[in-house]
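Enquirer: predicted structure and sequence below. I'll ask about it afterward.
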There are 4 protein chains.
Amino acid sequence: MSDHRWKTAITQIKKGEIRVRGYDIVDLMGRLSFSDAVFLILKGELPTEAESEMMRGILISSIDHGATPPSVLSARNVLSAGNPLNAAVAGGVLTIGDVHGGAIERSARILQTWGKRPEPISVVAKELVSDFIYQKRRVPGFGHRLHETDPRTIKLFQMARDLNFSGRHLELAQAIEAELTVSLGKKLPINVDGAIAAVISDMGFDWRLGKGFFIISRAAGLVAHAYEEMVREKPMRRLGDWNFDYDGPPARQIPDAYR
Amino acid sequence: MSDHRWKTAITQIKKGEIRVRGYDIVDLMGRLSFSDAVFLILKGELPTEAESEMMRGILISSIDHGATPPSVLSARNVLSAGNPLNAAVAGGVLTIGDVHGGAIERSARILQTWGKRPEPISVVAKELVSDFIYQKRRVPGFGHRLHETDPRTIKLFQMARDLNFSGRHLELAQAIEAELTVSLGKKLPINVDGAIAAVISDMGFDWRLGKGFFIISRAAGLVAHAYEEMVREKPMRRLGDWNFDYDGPPARQIPDAYR
Amino acid sequence: MSDHRWKTAITQIKKGEIRVRGYDIVDLMGRLSFSDAVFLILKGELPTEAESEMMRGILISSIDHGATPPSVLSARNVLSAGNPLNAAVAGGVLTIGDVHGGAIERSARILQTWGKRPEPISVVAKELVSDFIYQKRRVPGFGHRLHETDPRTIKLFQMARDLNFSGRHLELAQAIEAELTVSLGKKLPINVDGAIAAVISDMGFDWRLGKGFFIISRAAGLVAHAYEEMVREKPMRRLGDWNFDYDGPPARQIPDAYR
Amino acid sequence: MSDHRWKTAITQIKKGEIRVRGYDIVDLMGRLSFSDAVFLILKGELPTEAESEMMRGILISSIDHGATPPSVLSARNVLSAGNPLNAAVAGGVLTIGDVHGGAIERSARILQTWGKRPEPISVVAKELVSDFIYQKRRVPGFGHRLHETDPRTIKLFQMARDLNFSGRHLELAQAIEAELTVSLGKKLPINVDGAIAAVISDMGFDWRLGKGFFIISRAAGLVAHAYEEMVREKPMRRLGDWNFDYDGPPARQIPDAYR
C-alpha cells in the first residue's frame, strides 16, 4: 500500500462542520446570496460588490432560452424514455457542447490570449479580426441566429458600466465588434456568450471555466423543462423531427455464397 | 404532415425578447437574486420574502460536501479520462441517484402523502413510524453517516422559524424525529435531505422536483471539482479504490471440443 | 488505513495476461465469436451451441431500429451540439429507459417471478392476465406501436424451436399471448422485448440484466447514427420537434413593491 | 411549415419489415455473426472473410480489462448511487475519453493522414517520428502503462498476417515502432489501441469511428461490471480513493463589513 495522497482545496468536511473555501457553510447560508456562494466556490474568495452584481446578472441571463436549445431536447427526451430527473438533467448538461454554450469558453480563451498583448486594444482587435478573416474562421461570441441585438448582452454591458466594472477584456470585445463591422461591412454584434466571456475574463476567471457558468445557470432551466415534460406529457412521445427519408441501399439479398 | 403541436409554459422567446414565466429576463437580471430566478422558473411565480430567504438557504446548503460524494468521483473521473467540462459535470449530475440526493425526493413524497391525512400531526407521525418499522424500512431523510447533528439542518430549521416559515410538513418531519427517538430508543435526527424535503413541501413544491434543488445547487460544486481536477491533476490518474481482489474462476482452457 | 478490500469475478489482469472469466483473452480472440464472448462475460460460462445461436440472434435483432427511437435522437443531438463520439453514444445509452428497451427488464421480471409458480403454465398465464387486467396494467412485452407482428419476434421464436431451445418462460410468454387474445378479444402479440425477455429467462439470465442485452446490441446502431450525424449534417442542426406553442403567463411586470 | 427533410442511410423501417443497409434483419439474424452485423452497420457492406475474422478479433480484444479502467469506475459508481443499469453503462461510455480508448481515434488519424503520403513507408515513419520528437509529443498508440508486450496486440497482428490481411497502415504502424526504438533507444511497442487503429485503417474505416469500436466492445464489459456491482455490493459504497487532504484556506470568518 503506497503513501500516495491527493489534495483538494474546495471544501473541508469534519464531523458537524462543513467549510467552503474556509468559510462555515452555516455562515454562508445566513449571509450570502446563492450567486455569491457560486462565486466563492469557483474563485476561492468572496466577491466584491461589483463582482456580486455581475455574477447575479450572468447567472440569471442564461437560466433558460425556451424549448429549442439542444440541451432542452436531450433533457426532455431522456425523461420521456422513462428515466429519472437526474438522468434527464445530466443528458441536458452533456449536450452543452462546443457549439451550444461552448462559445463562452472559446470566446474567453481568445479574449484572454489576445488580451495579454502589450499593444493598445484597437491594434490588438484589428490584428485579431484580420487574422480570423484570413483563416476564414468566425470569431466565437459574435453574431446570433435569432436576436439581432441580444437584450441580455445590452443589459450585461450596461451593468458592467454602471458598476464601473469593466476592464481590458470587455474593451477588447467591444473593439472586436467595431472592427468586425468595418471589415465585414455589416454588424456582427457581441452575443450573450461573448458578453459573458468578456465579463468573466475581467473578473479574473480562467477561460477553461467558461462553460461552467452556463452549466450552473442552465441547470435550473433544465430541471424546469424535465419537470414540465414529466407532469405535462405522456412517456415516449415524439420529440424528434421525423421529417426524414431513407436514402441508403435499396432492399437486397445476402449473396448465396455468403457463409 | 399532422397538425400536432405541443406546449410549454416556461419561457417565451421572440426576436429581441426573452420572457421567463412572463417576466422580461432583462428585468429579472436587474432586480432578482439568482435564487429568486430559480424559484420563479420552478414555481411559476416570484417568491415572497420568506420564500426567497429559504430558497437561498436551501441552495447554499447543498452547494458542496467535499471530495467523497459519488457525484464528485464521477465528475473528476470523466474529466480525468480526457473529456470536456460539460461531460464531467453531466457524469456528476447523472450520479445523483436514489441514495445520493434522492432522499430529498423520497422524503418529500412521504411528507406530502402522509401530510394530507386529516388527523393531528402527532397521530400521523406515530402511524407513519410504526408503519415503516413494521415494513422494516428506513424513513428517508433521517440519520446521517457522518454528522450526528447536521449543522445545515439546524440552520435551515432556524431560518424557517425566524421567517415564520413553517407549516404542516416541517411539523410532521419534527414529529417523525421525535417519534423515531421514542420507538427506536435512540436519536435518528432529520438530516439535510429531510430538512430540505420538509421546507420545499411547505413551499408548495411537488416532491417529484426534490432532486432538482440538489442538482441546481450541487452543479456549482461539481464545476469546481471538475475544474480543480483539470488544473491540478494529471490525466488518467488513479481515482478509484484499487484495493480489490479477483475471485472469479481460476485460469482455465477452452475445451478442445468447443467449436 | 483499513484492510478493506472488495472483490470482482469478471476479469483478471496480470502483466502480459488478461483472463476473462478464467479464459485467456488471446484464446477467446482466436476461437470465439463476439456474441459468445458477450455470453461468457455476462454468464460466467461458455455458451452451448444452442445458447450461442440464440445469443447471436438476440444481439443482431436489436442492433438498430432506424432514426426515430429516443436513444438515436439523444445520440445525434449530443453530437450535433459539439460533443465527441463517446458523449453522443453515452447520451443514447442513457436514454434507454423504462419505456425504451426497459420492457425487456420488466417483462423478464414478470416471467421469472410468475414462472416459479408450481401450477401448469396455462393456469399461471390465466391468473397473471386477470391480475394485470384487474390492476388496469399492461403486461410489458406485448403489443407494438408499429409492427402488428414483429418479424424479429417470429424469427427469435423460430430459432428457439429449431434449436430445441425453449423452456418454461417461452411457454409462459406464449400462453400469456393466447390468454390476452381471449381476455381482450383482440390480438396483442408478443413484441421483440417480450421475446427477448422470454429467451434470456430460459437461458438462465437474471431479469435485472434485461436492458443489458439491448444496450450491448444497440451500442452499434448508436455509433452508426452518431457517425452519420457527424459526417452528413451541420453542427447545431434542428433535431427537435419545434411545433410547439408557449402557453405560460402573458407578459407581465415585476411589481414595484418587489425588493 | 417548411419542406425541410433530412436523410439517413442506415436502417429502413416499414410495417413488419426492418432493413439494415438494405438487408432484411431477419436474414441477418439467420446468417450473420454479431460482429459481421456490426461491420455491416458501420461500413454499409458485408465483410469479406478476412474482414469478418479481424472484426471478431478486434471486438473481443477490448471486451474488458478488469476493474481499474476509469469507465468501469464510472459505471459502478453511477450504479452504486442508486441509478438504473442504462445510466451506469452511459456513465461508463461517457468516460471513454481522449486518454481512455481515445488513443484508437488519435492513432488512426495519424496513420491515415501520414499514410496518404507517396513516399516509401520507412521514409514516412522516419519523418513522422522525428516530427513528433521535435514537437515533444508522444505518438498515440505506442507504449502501455502495464503490459510491456500486450498479448492482444500480438494476437491481432498474427491474425492480420494469417489472414493475409495487412496493408499500408499496419506496415506504417510497425515501421513507426521500429523507428521509435531507434530514435528513443528503448522499445515503445504498439499497444492495443495502436494495433486496432492500424487494422481498422486497413479495413477502410474513417479514423473518426475509432472510439466506436472500443465503445461497442466495452459496452459488454461495462454491463458485466454494473451488474456485478448491483448484485454483489451495497449501495453508496466507497468506490473512490479517499486518500486525500484538504489544503485550501484555513477556517476563516466572513468579514463583518460584508453585506
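Expert: That came in fine, so what should we check first? Residues are numbered from 1 along each chain as shown, chains lettered A, B, ... in the order given.
Enquirer: only C-alpha atoms from now on, for both contacts and neighbour counts.
Expert: Noted.
Enquirer: so which residues of the stretch 1-150 of chain A form helices?
Expert: A:25-31, A:34-43, A:49-61, A:70-80, A:85-94, A:102-115, A:121-134 (DSSP state H, counting those that start in this stretch).
Enquirer: what residues does the one residue sitting closest to the centre of chain A make contact with?
Expert: Geometric centre of chain A, nearest residue: A:Phe214, 3.1 Å, by CA atoms, centre = their mean. Residues near A:Phe214 by CA atoms under 8 Å, 6 or more residues apart in numbering or on different chains: A:Leu59, A:Ser62, A:Gly101.
Enquirer: now the buried members of these.
Expert: Taking 16 or more other CA atoms under 10 Å in any protein chain shown as the criterion, what is buried in those is A:Leu59, A:Ser62, A:Gly101.
Enquirer: A:Arg137: which of the residues you listed is nearest?
Expert: Nearest to A:Arg137 out of the buried ones among the contacts of A:Phe214 is A:Gly101 (CA to CA; 18.1 Å).
Enquirer: got the contact list for the closest one?
Expert: Per CA under 8 Å, 6+ apart, neighbours of A:Gly101: A:Asp193, A:Lys211, A:Phe214.
Enquirer: which residues of chain A lie near chain C?
Expert: A:68, A:70-71, A:73-74, A:77-79, A:81-83, A:87, A:91, A:94-100, A:235-236, A:238-242 (CA under 8 Å from any CA of the partner chain).
Enquirer: which residue sits closest to A:Ile121, ignoring its sequence neighbours?
Expert: Nearest residue to A:Ile121 in three dimensions, chain neighbours excluded: A:Leu172, at 5.8 Å (CA to CA, 6 or more residues apart in numbering or on different chains).
Enquirer: could you do A:Ala160 as well?
Expert: A:Ser166 (5.7 Å).
Enquirer: go on, A:Ile176?
Expert: Nearest non-adjacent residue to A:Ile176, counting by CA to CA, 6+ apart: A:Ala125, 5.0 Å away.
Enquirer: now the phi/psi pair for whatever residue of the stretch 101-250 of chain A ends up closest to chain D, please.
Expert: Distances between the stretch 101-250 of chain A and chain D by CA to the nearest CA are smallest at A:Gly248, namely 3.6 Å. Backbone torsions of A:Gly248, given as degrees, to the nearest 10, read phi -80, psi -160.
Enquirer: output the below-cut-off pLDDT ranges for chain A.
Expert: A:1-3, A:144-148 (pLDDT under 70).
Enquirer: which helix runs longest in chain A?
Expert: Criterion DSSP state H: the longest helix present in chain A is helix A:210-232.
Enquirer: export that helix as PDB, just CAs?
Expert: Output in PDB follows, covering the C-alpha atoms of helix A:210-232 (Å, rounded to 0.1, in the frame of the first residue of the first chain):
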ATOM      1  CA  GLY A 210     -16.300  29.300 -19.400                       C
ATOM      2  CA  LYS A 211     -18.900  26.500 -19.900                       C
ATOM      3  CA  GLY A 212     -19.200  26.300 -16.100                       C
ATOM      4  CA  PHE A 213     -21.200  29.500 -15.700                       C
ATOM      5  CA  PHE A 214     -23.600  28.400 -18.400                       C
ATOM      6  CA  ILE A 215     -24.000  24.900 -16.900                       C
ATOM      7  CA  ILE A 216     -24.700  26.200 -13.400                       C
ATOM      8  CA  SER A 217     -27.200  28.700 -14.700                       C
ATOM      9  CA  ARG A 218     -28.900  26.500 -17.200                       C
ATOM     10  CA  ALA A 219     -29.200  23.600 -14.700                       C
ATOM     11  CA  ALA A 220     -32.200  25.400 -13.300                       C
ATOM     12  CA  GLY A 221     -33.900  25.700 -16.800                       C
ATOM     13  CA  LEU A 222     -33.200  22.100 -17.500                       C
ATOM     14  CA  VAL A 223     -34.800  21.000 -14.200                       C
ATOM     15  CA  ALA A 224     -37.800  23.100 -15.100                       C
ATOM     16  CA  HIS A 225     -38.100  21.600 -18.600                       C
ATOM     17  CA  ALA A 226     -37.600  18.000 -17.400                       C
ATOM     18  CA  TYR A 227     -40.200  18.500 -14.700                       C
ATOM     19  CA  GLU A 228     -42.700  20.000 -17.200                       C
ATOM     20  CA  GLU A 229     -42.100  17.100 -19.500                       C
ATOM     21  CA  MET A 230     -42.800  14.700 -16.600                       C
ATOM     22  CA  VAL A 231     -46.100  16.300 -15.500                       C
ATOM     23  CA  ARG A 232     -47.500  17.500 -18.800                       C
END
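Enquirer: next, the buried residues of stretch A:112-131.
Expert: Of the residues in stretch A:112-131, A:Gln112, A:Trp114, A:Gly115, A:Ile121, A:Ser122, A:Val124, A:Ala125, A:Lys126, A:Leu128, A:Val129 count as buried by neighbour count, 16+ other CA under 10 Å.
Enquirer: ugh, wrong one, stretch A:165-176
Expert: Neighbour counts over stretch A:165-176 (16+ other CA under 10 Å) mark A:Phe165, A:Ser166, A:Arg168, A:His169, A:Leu170, A:Glu171, A:Leu172, A:Ala173, A:Gln174, A:Ala175, A:Ile176 as buried.
Enquirer: return the member of the buried ones among the contacts of A:Phe214 nearest to chain B.
Expert: Nearest to chain B among the buried ones among the contacts of A:Phe214, with distances taken as CA to the nearest CA, is A:Leu59, at 6.4 Å.
Enquirer: roughly how far apart are the closest one and chain D?
Expert: Remark: distance between A:Leu59 and chain D (CA to the nearest CA, to the nearest Å) = 20 Å.
Enquirer: wait, isn't that residue in contact with A:Ser35?
Expert: Yes: contact criterion CA atoms under 8 Å: A:Leu59 and A:Ser35 qualify, at 7.4 Å.
Enquirer: who touches both of these two?
Expert: Residues touching both A:Leu59 and A:Ser35 (CA under 8 Å, 6+ apart): B:Phe34.
Enquirer: ignoring the adjacent residues along the chain, who's closest to A:Asn83?
Expert: Leaving aside its chain neighbours, A:Asn83 sits nearest to C:Gly97 (5.2 Å; criterion: CA to CA, 6+ apart).
Enquirer: against D:Tyr23, how distant is A:Ile254?
Expert: 7 Å (CA to CA, to the nearest Å).
Enquirer: how about A:Met159?
Expert: To D:Tyr23, A:Met159 is 61 Å away according to CA to CA.
Enquirer: number of nearby residues for the closest residue to A:Val192 other than its chain neighbours?
Expert: In space, and not counting its chain neighbours, A:Val192 is closest to A:Thr153: 5.0 Å by CA to CA, 6+ apart. As a burial measure, A:Thr153 scores 21 neighbours (other CA atoms under 10 Å in any protein chain shown).
Enquirer: and the helix or strand where A:Thr153 lies, how far out from the chain's middle?
Expert: Using DSSP states H and E, the element containing A:Thr153 is helix A:151-162. Helix A:151-162 sits 17 Å away from the centroid of its parent chain (CA atoms, centre = their mean, to the nearest Å).
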